[in-house]
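J.: Sequence first, predicted coordinates after that:
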Amino acid sequence: MTTHLPVTPAWTCGGCGADWPCQPRRRELRAEYDSAPVSLALYLAAQLVDAAQDLAHVSADRLHRRFLGWIR
């Protein structure tokens, strides 16, 4: 079980305090969804929708890069 879970409404990492998803969580997610990249994208898109409500002061572009821009 990971300690790198989001703490809302700030959307920081409960494990390291960085913006979530932090680098350790990104590595974990890549490994967890290695054979299911579309599922990873859908999961992160759902997280983005939730975060956008809490982080209304953050630009849509920045949120997109943070939640989805790092996946391929």
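T.: That came through, no problem.
J.: middle-most residue in the chain, spatially?
T.: The residue lying closest to the centre of the chain (C-alpha atoms, centre = their mean) is P21, at 3.6 Å.
J.: Quick check: which helices or strands does the helix or strand hosting V49 pack against?
T.: Under DSSP states H and E, the secondary-structure element containing V49 is helix 37-54. Packing partners of helix 37-54 (3 or more C-beta pairs under 8 Å, 6 or more residues apart in numbering; DSSP states H and E): helix 23-32, helix 60-67. For the C-beta atoms, the positions are set from N, CA and C on the backbone; glycine is no exception.
J.: if you set the cut-off to 7 Å instead, what comes out?
T.: helix 60-67 (3 or more C-beta pairs under 7 Å, 6 or more residues apart in numbering; DSSP states H and E).
J.: right, and the secondary structure at the residue nearest to the centre of the chain would be what?
T.: coil (DSSP: H, G, I helix; E, B strand; the rest coil).
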